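In: Following is a predicted model, sequence given first.
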There are 2 protein chains.
Amino acid sequence: MTIFSSIHKPTLLLDENKARKNLALLNEKILLQGKQFRPHFKTHQSAEIGEWFREIGITKITVSSIEMAIYFADHGWDDIFIAFPVNILQIEEIIELSKRIHLSLLFEDISTVSFIDKHIFCQISGWIKIDTGANRCGLRSDQFEIIAELAHELEKSKNISLKGLITHAGHSYRFKTAEEICLVYDQSVETLLGIQDQLNQLGYSNIEISVGDTPSSRLVKDFRNVDELRPGNFLFYDVQQYQAGVCQLEEIAVTVVCPVVAVHPEQNEVVIYGGAIHLSKDSHAWGDIQNAYGLVSLPAQNDWGWDDKKIVGYLRSLSQEHGVVVMPDGVPDEIKPGSLVCVYPAHSCLTVQSMGKYTNLDGETIHTLLA
Amino acid sequence: MTIFSSIHKPTLLLDENKARKNLALLNEKILLQGKQFRPHFKTHQSAEIGEWFREIGITKITVSSIEMAIYFADHGWDDIFIAFPVNILQIEEIIELSKRIHLSLLFEDISTVSFIDKHIFCQISGWIKIDTGANRCGLRSDQFEIIAELAHELEKSKNISLKGLITHAGHSYRFKTAEEICLVYDQSVETLLGIQDQLNQLGYSNIEISVGDTPSSRLVKDFRNVDELRPGNFLFYDVQQYQAGVCQLEEIAVTVVCPVVAVHPEQNEVVIYGGAIHLSKDSHAWGDIQNAYGLVSLPAQNDWGWDDKKIVGYLRSLSQEHGVVVMPDGVPDEIKPGSLVCVYPAHSCLTVQSMGKYTNLDGETIHTLLA
């Protein structure tokens, strides 16, 4: 009897030991360099998994929505950074949260600062969002005039303390070598230090710097003059991270176990019960294939210990519930309808979101705020 | 006061009138040609919406998972086709369902037929899955020997009645003109009629044919000699269907209303609270853009009546919670943080799955089996 004998439909399997090891490794690295670790909980979204962080002394966390902040506040977290541009339409929830916990919010817009300041009546921290190249949110260094206005607005606000500069160098995900990823980190930090220096000259001292993406957190040797790191994905990793050289395949701590429902040996393919609603439609490159949707291995030991030599295929397409697995070296004879395969997800954060809950290797359910 | 004044976070808005009109239109077309309409409920996944179908006389439905079959059986549907290759690991649920409703299952594997026949003890219908070019599931016409064996296995089974041939010509989604889509339909039906004829020569009479995809159902004038149609997406449509010329933009019956959280007029962009977890990562082409993640319009009347002249942008990227909207003609002055935009989803089925529930234009929640 292994864990696999109890699985009848797509199941998100979590190897707690691997995840705890990933956590311990990064925590140690960040502490050794004297930095603050404020992990992003949007990857796991689970109060129970949050306890693993608390056990090793972590007290400050990052989330990406007000709903997540409320959920983790309900589970005893009292220092939460919502690292997402403030949605002023949720002002009621923001007021409530500001009364319960130490709340940090991210700003890039002056009218939003004054709106929030006018409505809340407990002290919160305000961070200025800087775009260091990810090209999504935030102010660029060439917009220093607006940055300075924003700093001024935060400084003069009654209920928001100007705390620092925050970036997410998400463009590090687009690169595929340690060298490139470290260069992105360096450029990003350089930009932030430059802005910090300019703000300092305007009289804003003690401007902190918060950065956070899994590739740099793992690969960069020296975090330099930053104060805080906020990665999240490192807990589980996934094929995107593996493909970028950020992790080993055996460090990936989650897999979606899927039943085989059709076998097409003449096409080197099998069809699995496991589709976009389980894995999400995020993709990764695989050899010459531009968009694959996960790598496939076969169940082995209870504690799945396979390495990249054990990969037997990749997902070439996903429908709502179907996945089509290509097995380039042929479909192994033991694979029949009713067999199980393990899919390493392209992007673990979105897979967790899709599945909503985990099963650990003892067969126990680990819940999230979703299910 | 419009419906929009009550929306504070990403909300799946459903225009019931549009959906009912889409339903009535296709129902009439199918009935006029004397065909059986067995709509796919994986698009809406809602018992309440299911009632709209019942009101116009529909009694037979299609679903894509055992969970959906149980949910709709619980809501009074007693003739359900699970149009997904049988997952034998869920045999307990299949046995239960076969006792409660008239169950139809899809087969492409002989051992699965004998497995199911051995375990159930109520009569069900068995359909042979044919791959007419979608290249996902099923047997191809050049595998007639296996098709004949499967027919034999079904015929000799105690509890499964051989009912017919089923296909999903999902490759119709890849084409962009009515002519191409109709050609796919014709070729697909031709293949099925050929197999039906061969089976007839072997003594299997009364082999029915079940087809079903939204593009053909909408565009084909003459359904020819098929018995049953099983489209699902037609109820809501989406940008993929609009892009393929299957529907008009104003027929799309769902939109995800999203708050604007950052405005970057110098880049003709805004950032919205609305990401992969709301819209799914499915994409569509838009002009020269290969992968866009939805089209954007601005809230107007309560009953959103905009047409394609009202499209102000497209989603160029989606993160977990963020979406970046490009507005090629510039960001309208009235768009500020806290404004709302409406996103026509790339693929409505996956968006419904991601959002889990709807809000109708009266502000009432319509639930699904998910939430």
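Out: On my side now, so go ahead. Numbers count the residues shown, from 1 in each chain, chains lettered A, B, ... in the order given.
In: For the lengthiest helix in chain A, the averaged confidence score.
Out: The longest helix of chain A (DSSP state H) is helix A:178-201. For helix A:178-201, mean pLDDT rounds to 95.
In: same question, stretch A:327-340
Out: For stretch A:327-340, mean pLDDT is 96.
In: Now do the contacts for A:Leu106.
Out: A:Phe81, A:Ile82, A:Ala83, A:Phe84, A:Pro85, A:Val86, A:Gly126, A:Trp127, A:Ile128, A:Lys129, A:Ile166 (C-beta atoms under 8 Å, 6 or more residues apart in numbering or on different chains). Backbone N, C-alpha and C define where each C-beta goes, glycine included.
In: ok, these vs chain B, which is closest?
Out: Nearest to chain B among those, counting by C-beta to the nearest C-beta, is A:Pro85 at 3.8 Å.
In: Show me what that closest one is bridged to.
Out: A:Leu106 (DSSP bridges).
In: could you measure it against A:Val184, distance?
Out: 22 Å (C-beta to C-beta, to the nearest Å).
In: Show me which of these two is the more surrounded one.
Out: Just comparing A:Pro85 and A:Val184: by other C-beta atoms under 10 Å in any protein chain shown the higher neighbour count belongs to A:Pro85, 27 against 24.
In: ok now do the more buried one, which residues does it touch?
Out: Applying C-beta under 8 Å, 6+ apart, the residues contacting A:Pro85 are A:Leu106, A:Phe107, A:Glu108, A:Asp109, A:Thr112, A:Lys129, A:Cys137, B:Val261, B:Ala262, B:Val271, B:Tyr273, B:Pro337.
In: domains for chain A, by residue range?
Out: Under automatic domain parsing, the residue ranges defining each domain of chain A are A:3-12+A:247-367, A:78-231.
In: For the stretch 101-250 of chain A, list the residues in contact with chain B, please.
Out: A:Glu108, A:Asp109, A:Ser111, A:Thr112, A:Phe115, A:Asn135, A:Arg136, A:Cys137, A:Gly138, A:Gly170 (C-beta under 8 Å from any C-beta of the partner chain).
In: pretty sure the fourth one is touching B:Pro337, no?
Out: Yes - checked against C-beta atoms under 8 Å, the pair A:Thr112 and B:Pro337 is within contact range at 5.1 Å.
In: ok so, going back, can you tell me which of the contacts of A:Pro85 are in helices?
Out: Short answer: the contacts of A:Pro85 in helices (DSSP H) are A:Thr112.
In: and of the contacts of A:Pro85, the nearest to A:Lys176?
Out: Distances from A:Lys176 to the contacts of A:Pro85, taken as C-beta to C-beta, are shortest for A:Cys137 (24.1 Å).
In: Next up, the contacts around the closest one.
Out: Per C-beta under 8 Å, 6+ apart, neighbours of A:Cys137: A:Pro85, A:Glu108, A:Lys129, A:Asp131, A:His168, B:Val261, B:Ala262, B:Val271, B:His322.
In: Return the subset of these lying in strands.
Out: A:Pro85, A:Lys129, B:Val261, B:Ala262, B:Val271, B:His322 (DSSP state E).
In: what's the closest of these to B:Phe41?
Out: B:His322 (31.5 Å).
In: and the closest one, what does it touch?
Out: Counting by C-beta under 8 Å, 6+ apart, B:His322 touches A:Phe84, A:Arg136, A:Cys137, B:Val261, B:Val271, B:Ile272, B:Tyr273, B:Gly274, B:Gly275.
In: Show me what it bridges to in the sheet.
Out: B:Tyr273.
In: hang on, the earlier thing: let's have the domains of chain A in JSON lines, adding distance to A:Thr59.
Out: Listed next are the domains of chain A as JSON lines, based on distance: least, C-beta to C-beta, whole Å:
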{"stretch": "domain A:3-12+A:247-367", "distance to A:Thr59": "22"}
{"stretch": "domain A:78-231", "distance to A:Thr59": "6"}
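In: distance of the closest residue to A:Phe53 other than its chain neighbours from chain B?
Out: Nearest non-adjacent residue to A:Phe53, counting by C-beta to C-beta, 6 or more residues apart in numbering or on different chains: A:Pro39, 6.1 Å away. As judged by C-beta to the nearest C-beta, to the nearest Å, A:Pro39 and chain B stand 15 Å apart.
In: again, but for A:Tyr237
Out: Taking C-beta to the nearest C-beta as the measure, A:Tyr237 and chain B are separated by 16 Å.
In: Ok, A:Gly194 next?
Out: 20 Å.
In: Is that residue in contact with A:Ile147, as I believe?
Out: No - assessed by C-beta under 8 Å, A:Gly194 is found out of contact with A:Ile147, at 10.8 Å.
In: what about these two, which has more around it?
Out: A:Ile147 (23 against 12).
In: for the domains of chain A, which one sits closest to B:Gln290?
Out: domain A:3-12+A:247-367 (11.1 Å).
In: mind checking the end-to-end distance for the closest one?
Out: Using C-alpha to C-alpha, to the nearest Å, one end of domain A:3-12+A:247-367 lies 18 Å from the other.
In: Same question for stretch A:262-272.
Out: With C-alpha to C-alpha, one end of stretch A:262-272 sits 7 Å from the other.
In: still on that earlier bit, among the contacts of B:His322, which one sits closest to A:Thr365?
Out: B:Gly275 (26.1 Å).
In: What values do phi and psi take at the nearest residue to the closest one once chain neighbours are set aside?
Out: Distances taken as C-beta to C-beta, 6+ apart put B:Glu321 closest to B:Gly275, at 4.2 Å, once the chain neighbours are dropped. Note on B:Glu321: its backbone torsions stand at phi -120, psi -20 [degrees, to the nearest 10].
In: again, but for A:Lys357
Out: phi -160, psi 170.
In: what pLDDT does it get?
Out: 98.
In: Also A:Leu13?
Out: 95.
In: Surely it touches A:Leu361?
Out: Yes - judged on C-beta under 8 Å, A:Leu13 makes contact with A:Leu361 at a distance of 7.2 Å.
In: Common neighbours of the two, please.
Out: A:Ile3.
In: Residues touching stretch A:46-64, excluding its own?
Out: Stretch A:46-64 is contacted by residues A:16, A:19-20, A:23-24, A:27, A:36-42, A:44, A:69, A:71-72, A:74-75, A:77-84, A:212, A:230, A:232, A:235, A:358, A:366-369, B:320-321 when judged by C-beta under 8 Å, 6+ apart.
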